[in-house]
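Provided below are the primary sequence and the corresponding predicted coordinates.
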Amino acid sequence: MRGLSPVLLTSRLHRIGETGSVESITIDVLSVSAAVQLLTEQVPTRASLSDSEWKELAAWVGYLPLALILLHAAFLSGTLVPTTMLDRARSGASTTRELDAAMDALRYSVPAGQLRGISEAFLASYECLSSESRLAAQILAQGASTLLPEAVIDALGNVLISPEVRTMLVAHSVITPTRGTSSIFGVMHGVLADFLRGQADSRGEGKEDALRMARALIRLYESLPADRPTNWSTLGAAAPHAEMVAQRLGPQNNDALLLRVLLGEWQGEVGKYAIARDLFADILTAAESTLGPDDPLTLRCRYNLARQTGKAGNPTGALLMFEALVPDMTRAMGSEARTTFRSRAGLGFWSGEYGQFSRATNIFAPLLTEMEAVLGSEDGDVEAVRANLASWSAQASGDITPALQLYTSLLVERTQRLGPNHPRTFTAHNELAYWTGKSGDFTGAVRILEDLLPRMEEVLPADHPLTERTRSLLEGARSRL
């Protein structure tokens, strides 16, 4: 094999080349148990770390045999202490730099043939790549050392990563392909990524590489609707890369802010409400100081923060946030902007959730009229407002017939428009079951929910709040039979 990771050649070849031979080391990764065994074999200070800490240290160097050999020899000779190295690993230090430090500590205490200068070796192999492949590798190194979806490569485009470049990255082991998963391009080892970022930074190209990666990820998240479960696996695989590149760009960078907003919206859609809430709270601070209070992205953060605050279990907090947001959104974006309509709908919804049924009805009634005039009666947001008006009107008046009729027809409409396995279709199912039970037909409610729950469990994560609500409704309806 040849390429960036498999072959390690250094300027110290004369120390091992006296016999006329050059050693070639293939870099694969070990299993967790094999990595720990290699790292700890006959180490006198084995007991200084727990099993989980040894696993953490092995994971830090990506279960890379060469890295493990270097650390093991250092621990065996006593020139490096396991607890100190674990502390340095947890501090976020560069793995390449730390491994070179281990090599230097061992230079005069172990046979020269067991050591290679990692940075020098990577540089020699890196220079064998084409200029286009070097650039592509540097851009991909801005992400995380996790599975890299094909969708991210596609979002970067053929100009940056052509089919020829893809082939070279795999052939030279810059990217290790995965088997049996066509949606995943592969994974870049963390040590390689450290080296590649260092090369880019040394030429002043690091920030531009990070921006290119960030903008590709933004295109990906904006092109795949986060409310569709069919997109969740791709968006989830891209999430660690988005988090990492946003971190590299810093909290004040505009592209990083937008990317983090998109991440938060995806987290909310998959039901991670508390995580999304905390993320938006953090983003909002940076957005207000960087963009100003009236910037559309700042207002978008406020909307999402209020929404996720309520979904995470704090309806009072959500209501207060929406009360403050609506006038600011109206002033900055205009009364007929979709974002303003959605903010008013949020105010109505959380008023109802807070128990203010009449207030919710009085918010949704004029809002529906205005939205139909601007967006049309078939718009998805208009449909949602119509459903909310029916629900809160029924709660306020006690007349459930209009709500029951609306959700019966809404379920048909959403199934046809969004498909039977869309979360909004599931919500319509749940609401129809709820109002069916409220009408006294608990047998009908159980029938609806028993048909719904297996499909939800197949499509959604087991702990998704929508699934949990369906289980709760089913349990309640069964108890009334």
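It's in. Numbers count the residues shown, from 1 in each chain.

lowest-pLDDT helix or strand in the chain?
helix 13-16 (a mean of 28; mean pLDDT, DSSP states H and E).

other residues contacting stretch 246-263?
142, 206-207, 210-211, 214-215, 217-218, 221-222, 226, 239, 242-243, 245, 279-280, 282-283, 286-287, 289-291, 297, 300-301, 304 (C-beta atoms under 8 Å, 6 or more residues apart in numbering). (C-beta placed from N, C-alpha, C; glycine too.)

dump stretch 224-237 to CSV, keeping only the CA atoms.
C-alpha atoms of stretch 224-237 as CSV (Å, rounded to 0.1, in the frame of the first residue of the first chain):
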residue,chain,number,x,y,z
LEU,A,224,-32.9,18.5,3.3
PRO,A,225,-36.0,19.4,5.3
ALA,A,226,-35.3,18.6,8.9
ASP,A,227,-38.9,17.7,9.6
ARG,A,228,-38.7,14.5,7.4
PRO,A,229,-37.5,11.4,9.2
THR,A,230,-36.1,10.1,6.0
ASN,A,231,-33.4,12.9,6.2
TRP,A,232,-32.5,12.4,9.9
SER,A,233,-29.8,9.8,9.4
THR,A,234,-28.0,11.9,6.9
LEU,A,235,-28.4,15.1,8.9
GLY,A,236,-27.3,13.2,12.1
ALA,A,237,-24.2,11.9,10.4
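
beyond the least confident helix or strand of the chain, next helix or strand please.
Next along the chain after helix 13-16, taking DSSP states H and E as the criterion, comes helix 32-40.

what's whichever helix or strand comes after that next one packed up against?
Tracing the chain past helix 32-40, the next element assigned as helix or strand by DSSP H and E is helix 51-60. On a contact count with 3 or more C-beta pairs under 8 Å, 6 or more residues apart in numbering; DSSP states H and E, helix 51-60 meets helix 32-40, helix 82-90.

what mean pLDDT does the last one have?
With pLDDT averaged residue by residue, helix 82-90 scores 83.

returning to that earlier point: any of the contacts of stretch 246-263 buried? List them.
Burial by neighbour count, 16 or more other C-beta atoms under 10 Å: within those this picks out 142, 206, 210-211, 214-215, 217-218, 221, 226, 239, 242-243, 245, 279-280, 283, 286-287, 290-291, 297, 300-301, 304.

show me the residues you listed that map onto helices.
206, 210-211, 214-215, 217-218, 221, 239, 242-243, 245, 279-280, 283, 286-287, 290, 297, 300-301, 304 (DSSP state H).

can you list the low-confidence ranges for the stretch 101-250 of the chain?
Within the stretch 101-250 of the chain, the segments meeting pLDDT under 70 span 101-125, 128.

and Leu196, how far from Gln247?
17 Å (C-beta to C-beta, to the nearest Å).

of these two, which one has the most company?
Set Leu196 next to Gln247 and count neighbours by other C-beta atoms under 10 Å: Leu196 wins out with 25 against 13.

residues touching the residue lying closest to the more buried one once chain neighbours are set aside, list them.
Leaving aside its sequence neighbours, Leu196 sits nearest to Ala141 (C-beta to C-beta, 6 or more residues apart in numbering; 3.8 Å). In this structure, Ala141 makes contact with 188, 192-194, 196-197, 200, 209, judged by C-beta under 8 Å, 6+ apart.

swap in Ser391?
Ser391 neighbours (C-beta under 8 Å, 6+ apart): 352, 403, 431.

what residues of whatever helix or strand it lives in count as buried?
Assigned by DSSP H and E, Ser391 falls within helix 380-397. Judged by neighbour count using 16+ other C-beta under 10 Å, the buried positions of helix 380-397 are 382-396.

next helix or strand past it?
helix 401-418.

chain center to that following helix: distance?
Centroid separation for helix 401-418 versus its chain: 33 Å, with C-alpha atoms, centre = their mean, to the nearest Å.

run through who's touching it.
Here helix 401-418 makes contact (C-beta under 8 Å, 6+ apart) with 383, 386-387, 390-391, 393-394, 422, 424-425, 428-429, 431-432, 435-436, 438-439.

so for stretch 420-432, mean pLDDT?
95.

list of residues touching that stretch?
By C-beta under 8 Å, 6+ apart, the residues outside stretch 420-432 that reach it are 227-229, 269, 380, 384, 387, 391, 403-404, 407-408, 410-411, 414-415, 418-419, 448-449, 452, 455-456, 459-460, 466, 469-470, 473.

narrow those residues to those that are buried.
With burial judged by 16+ other C-beta under 10 Å, the buried subset of the contacts of stretch 420-432 is 227-229, 269, 384, 387, 391, 403-404, 407, 410-411, 414, 418, 448-449, 452, 456, 459-460, 466, 470, 473.

what separation do you get for Thr178 and Leu30?
From Thr178 over to Leu30 the distance is 17 Å, taken as C-beta to C-beta.

buried stuff in stretch 241-257?
For stretch 241-257, the neighbour count (16+ other C-beta under 10 Å) marks 241-246, 248-249, 251, 253, 255-257 as buried.

kindly report the same for stretch 172-191.
So, applying 16+ other C-beta under 10 Å, buried residues of stretch 172-191: 172-176, 184-191.

nearest residue to Leu235 in space, please, no chain neighbours.
Take Leu235 and drop its neighbours on the chain: the residue closest to it by C-beta to C-beta, 6+ apart is Trp266, 5.1 Å away.

so which strand or helix has the one you found?
Using DSSP H and E, the element containing Trp266 is helix 254-269.

what mean pLDDT does that helix have?
Average pLDDT, helix 254-269: 98.

return the residues in contact with Glu243.
Contact analysis of Glu243 by C-beta under 8 Å, 6+ apart lists 144, 263.

re earlier: which of the buried residues of stretch 172-191 fall within helices?
Using DSSP H, these in helices are 190-191.

just the residues contacting stretch 457-469, thanks.
Counting by C-beta under 8 Å, 6+ apart, 229, 270-271, 273, 311, 421, 423, 426-427, 430, 453, 456 sit against stretch 457-469.

nearest residue to Leu76 in space, please, no chain neighbours.
Val43 (5.7 Å).

and the pLDDT at the residue nearest to Gly334 when sequence neighbours are not counted?
Nearest non-adjacent residue to Gly334, counting by C-beta to C-beta, 6+ apart: Thr340, 6.5 Å away. For Thr340, the model assigns a pLDDT of 98.

correct me, but Thr340 touches Met333?
Yes: with contact defined as C-beta atoms under 8 Å, Thr340 reaches Met333; the gap is 5.3 Å.

more crowded one of these two?
Ranked by neighbour count (other C-beta under 10 Å), Thr340 and Met333 place Thr340 first, with 24 against 18.

pick the most deeply packed of the helices and strands packed on helix 51-60.
Ranked by average neighbour count under the criterion mean count of other C-beta atoms under 10 Å, the helices and strands packed on helix 51-60 are headed by helix 32-40 at a mean of 17.

that one vs helix 82-90, what angle?
Here helix 32-40 runs at an angle of 130 degrees relative to helix 82-90 (axes from the mean of the first three to the mean of the last three C-alpha atoms, to 10 degrees).

show me what helix 32-40 is in contact with.
Here helix 32-40 makes contact (C-beta under 8 Å, 6+ apart) with 29-30, 46, 51, 54-55, 57-59, 63, 65, 68-69, 71-72, 75.
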